[in-house]
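Colleague: Here's a sequence, model it:
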Amino acid sequence: MTGARGMTAWGPPPRREPVGAAAYRLIREAILRGQLTPGERLNEVELARAWQISRTPIRDALRRLEAEGLVRAVPGKGVIVPRLGRADVDELYEILEGLEGMAARRTAERASGAQLAHLNTLIKEYGVALRQNNVSRLGEIVAEFHTTISRMALNGRLERAIETVRAQLASAERQALRQRGTATRSFRELAKLTAAIRARDGGRAEAAMREHLASLRLDAAAALPEGESREPA
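Modeller: Modelled structure (predicted):
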């Protein structure tokens, strides 16, 4: 259960930002960073008390997060961070392969020189983190890499759709990168994808992205216990 003590560590919502928007952002970021883990319960009364605000913006934030699949209202248990099962992971990656494959194709056709240089920088940073066995940093770089490609595709609706699906897979991808061999294999896959984008080869870029996501899909599913469900234990 997540109580007021955990929330006060984040501090109050910033004054420069509407309270409801700040509550939504802070809770969402905590889920994506793994501060709130699958199965944890979010209590709107405790959150409101910790931040010294009314329950309304908290309730609205949780509704937005539920619409994105990042929290789930469970009868008798309240609002929790859902657990993903293997079927969930399969479904989400299946969607993502189509969306991000399209984004990679469009990126190869449209990327500027500065954007291509940024991808190269991310690959180099990944290599450094891999040598240091810094799993946390590897996860951050992989997330930024995918976000960068979806943004470079220059399709706002596609970018938002990818963001919604990827957010639901954040916890599963962290687990996948801890699997033996996953991080090294991902490095090769991302380097191959970057080379295809630099070559302006849309078809090859799409295929490389799909190959990378299919690999992550297997590792993420393997990291989950057999029969794991969405519901908290």
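Colleague: Could you pick out the longest helix of the protein?
Modeller: helix 86-110 (DSSP state H).
Colleague: Quick one: mean pLDDT over stretch 69-79.
Modeller: Taken as a whole, stretch 69-79 carries a mean pLDDT of 90.
Colleague: and the next helix or strand after the longest helix of the chain, how far out from the chain's middle?
Modeller: Note on helix 86-110: by DSSP states H and E, the next helix or strand toward the C-terminus is helix 113-131. In terms of CA atoms, centre = their mean, to the nearest Å, the centre of helix 113-131 is found 19 Å from the chain centre.
Colleague: where do the helices sit along this protein?
Modeller: Using DSSP H, helices in the chain cover 4-8, 19-33, 44-51, 55-67, 86-110, 113-131, 135-152, 156-168, 170-177, 182-198, 202-222.
Colleague: of all the ones you listed, which lies closest to residue 73?
Modeller: Nearest to residue 73, of all the helices of the chain, is helix 55-67, at 6.2 Å by CB to CB. Just so you know, the C-beta spots here come from the backbone N, C-alpha and C atoms, and that holds for glycine as well.
Colleague: Packing partners of that closest one?
Modeller: In terms of contacts (3 or more CB pairs under 8 Å, 6 or more residues apart in numbering; DSSP states H and E), helix 55-67 is packed against helix 19-33, helix 44-51.
Colleague: who wins for proximity to residue 101 among these?
Modeller: Of all these, helix 19-33 sits nearest to residue 101, with 22.7 Å by CB to CB.
Colleague: quick one, domains of this structure?
Modeller: Domain assignment for the chain by automatic domain parsing gives 4-80, 86-222.
Colleague: and these, which one's lowest on average pLDDT?
Modeller: Ranked by mean pLDDT, the domains of the chain bottom out at domain 4-80, with a mean of 83.
Colleague: JSON lines for the helices of the chain, including mean neighbour count and distance to residue 76?
Modeller: Formatted as JSON lines, the helices of the chain follow (neighbours: other CB atoms under 10 Å; distance: least, CB to CB, whole Å):
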{"stretch": "helix 4-8", "mean neighbour count": "15", "distance to residue 76": "22"}
{"stretch": "helix 19-33", "mean neighbour count": "19", "distance to residue 76": "22"}
{"stretch": "helix 44-51", "mean neighbour count": "19", "distance to residue 76": "16"}
{"stretch": "helix 55-67", "mean neighbour count": "17", "distance to residue 76": "16"}
{"stretch": "helix 86-110", "mean neighbour count": "20", "distance to residue 76": "21"}
{"stretch": "helix 113-131", "mean neighbour count": "15", "distance to residue 76": "42"}
{"stretch": "helix 135-152", "mean neighbour count": "19", "distance to residue 76": "33"}
{"stretch": "helix 156-168", "mean neighbour count": "16", "distance to residue 76": "23"}
{"stretch": "helix 170-177", "mean neighbour count": "21", "distance to residue 76": "23"}
{"stretch": "helix 182-198", "mean neighbour count": "19", "distance to residue 76": "37"}
{"stretch": "helix 202-222", "mean neighbour count": "20", "distance to residue 76": "29"}
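Colleague: would CSV of those with distance to residue 79 be doable?
Modeller: Below are the helices of the chain laid out as CSV (distance: least, CB to CB, whole Å):
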stretch, distance to residue 79
helix 4-8, 14
helix 19-33, 10
helix 44-51, 7
helix 55-67, 5
helix 86-110, 18
helix 113-131, 34
helix 135-152, 24
helix 156-168, 16
helix 170-177, 16
helix 182-198, 31
helix 202-222, 24
